[in-house]
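Asker: I would like to see how this sequence folds:
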Amino acid sequence: MSDITIHHNPRCGTSRNTLALIRSSGAEPLVIEYLKTPPSRAQLIELIKAAGLGVRGIMRAKEALFAELGLGDPNTSDEALIDAMMAHPILINRPIVVTPLGTRLCRPPETLLEILSQAQRDALASAGDKASI
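Answerer: Predicted coordinates for the structure are as follows:
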């Protein structure tokens, strides 16, 4: 089992680039296509807490559905926002990466470096990938 998990959307360029960086570091992550296999409510809440961004910080506000549902209203509760993400996983921003060193929303992809081991960062530097991120 991998020690890195990526909550991934293969249609998202940032998500694909982050996955490529993980693989370039020498790791093969557990890839969860969260639109096909959404997190449970408890898992989503844990990802939000671990990433330290708050509920709004993990939402994909650029998604048309966000505006259609009126989720930009500052009076919308965190519970209602979580309900919306549970009903419509497309509202969960991506990619979310979990490693033994932490959890990050990897936007931009180089945010990944914060939660890779030194050996993995060294592998990226050796491969020359660090210059391309």
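Asker: where do the helices sit along this protein?
Answerer: Taking DSSP state H as the criterion, the chain carries its helices at 13-24, 41-51, 54-58, 64-68, 78-87, 118-127.
Asker: which non-adjacent residue is nearest the residue nearest the centre of the chain?
Answerer: Nearest to the mean C-alpha position of the chain, counting by CA atoms, centre = their mean, stands Ile96 at 1.4 Å. Leaving aside its chain neighbours, Ile96 sits nearest to His7 (4.2 Å; criterion: CB to CB, 6 or more residues apart in numbering). Placement of C-beta: from N, CA and C, glycine included.
Asker: same question for Pro29.
Answerer: Pro29's closest residue in space is Ile4 (CB to CB, 6+ apart), at 4.0 Å.
Asker: relative to Gly52, how far out is the residue nearest to the centre of the chain?
Answerer: 12 Å (CB to CB, to the nearest Å).
Asker: shared neighbours of the two, which are they?
Answerer: Common neighbours of Ile96 and Gly52 (criterion: CB atoms under 8 Å, 6 or more residues apart in numbering): Thr103.
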